[in-house]
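K.L.:
I'd like to go over a predicted model; first the sequence, then the structure.
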Amino acid sequence: MNKAVHALAAVTLGALALVGCAAQNPNDAAIVGNTQVRQADVDQTVAELLAATQAQPGQLRLAVVNTLINGQVAQQLASTNNVPLTDEARAEIVKQVPELVQLSQTEGGRRYVDNATDYVIVARKLGQDKYLTECSRMQISVNPRYGSWVPDACQLSGASGSLSRVAPTMPNP
């Protein structure tokens with residue numbers, strides 16, 4: 001009888017864990033408030049930035065997800081704090097960082113640059129402390145494959161939420 005109770009408890013806990021994982025749509029890299037950061041946008045942006053840079057794919061993917069999330073945060077904070085996000089303001093920032101000009105030549109690159117510059121515009125206008133405080137109060141969920149969200153820092157942890165581990169390889173005889 002005791003073994004049956006343990007087995008039932010294990011099955012129940014396993015089912016609950018699966019339900020928890022199902023709450024995140026696999027087509028979303030993250031959700032900021034009610035706005036989706038779509039996985040397809042992340043994939044397109046990464047592919048286009050890889051073609052334009054010498055970055056490592058894994059590091060670039062995390063940077064893109066983090067930037068797209070912070071872009072959404074910035075857009076929402078801009079809206080609630082009456083901070084205008086204009087092409088002219090973005091262009092001023094891009095002029096200060098010439099590498100961004102080349103990146104903005106593709107749709108994915110432009111998405112990355114716009115989100116990055118929106119963050120800079122809003123953080124400058126509100127001040128970094130106010131930006132971080134308001135960001136920490138926002139509802140942000142991240143697909144576990146990208147790690148977890150650190151509200152106080154307003155960024156990804158970078159540590160994957162995956163329970164999987166790479167299997168060790170056997171040495172050749």
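P.N.:
Arrived safely, thanks for sending. Numbers count the residues shown, from 1 in each chain.
K.L.:
C-alpha only now, for contacts and for neighbours.
P.N.:
Noted.
K.L.:
I'd assumed Val46 was in contact with Gly108.
P.N.:
Yes - counting by Cα atoms under 8 Å, Val46 is a contact partner of Gly108 at 7.4 Å.
K.L.:
who's more crowded, these two?
P.N.:
Legend: neighbour count by other Cα atoms under 10 Å for Gly108 and Val46, higher for Val46 (24 against 21).
K.L.:
What does the pLDDT read for that one?
P.N.:
Note on Val46: pLDDT of 93.
K.L.:
Then Lys125?
P.N.:
pLDDT, Lys125: 97.
K.L.:
Which helix or strand in this structure has the lowest average pLDDT?
P.N.:
Using mean pLDDT, DSSP states H and E, helix 2-22 stands out as the lowest-scoring helix or strand of the chain, at a mean of 37.
K.L.:
Could you verify that Arg111 is part of a strand?
P.N.:
No - secondary structure of Arg111 (DSSP: H, G, I helix; E, B strand; the rest coil): helix, not part of a strand.
K.L.:
you'd agree it is up against Thr45?
P.N.:
Yes - taking contacts as Cα under 8 Å, Arg111 lies within contact range of Thr45: 7.3 Å.
K.L.:
These two: who's more crowded?
P.N.:
Thr45 (23 against 20).
K.L.:
Spit out the contact partners of the more buried one.
P.N.:
Thr45 is in contact with 64, 107-109, 111-112, counting by Cα atoms under 8 Å, 6 or more residues apart in numbering.
K.L.:
contact partners of stretch 52-70?
P.N.:
With Cα under 8 Å, 6+ apart as the test, stretch 52-70 has contacts from 29-32, 37, 42, 45-46, 50, 102-103, 112, 115-116, 119, 146, 154-156, 158.
K.L.:
Name the residues of it that come out as buried.
P.N.:
For stretch 52-70, the buried set under the neighbour-count rule, 16 or more other Cα atoms under 10 Å, comprises 60-70.
K.L.:
between those residues, which is nearest Val97?
P.N.:
Relative to Val97, the closest of the buried residues of stretch 52-70 is Thr67; by Cα to Cα it sits at 16.0 Å.
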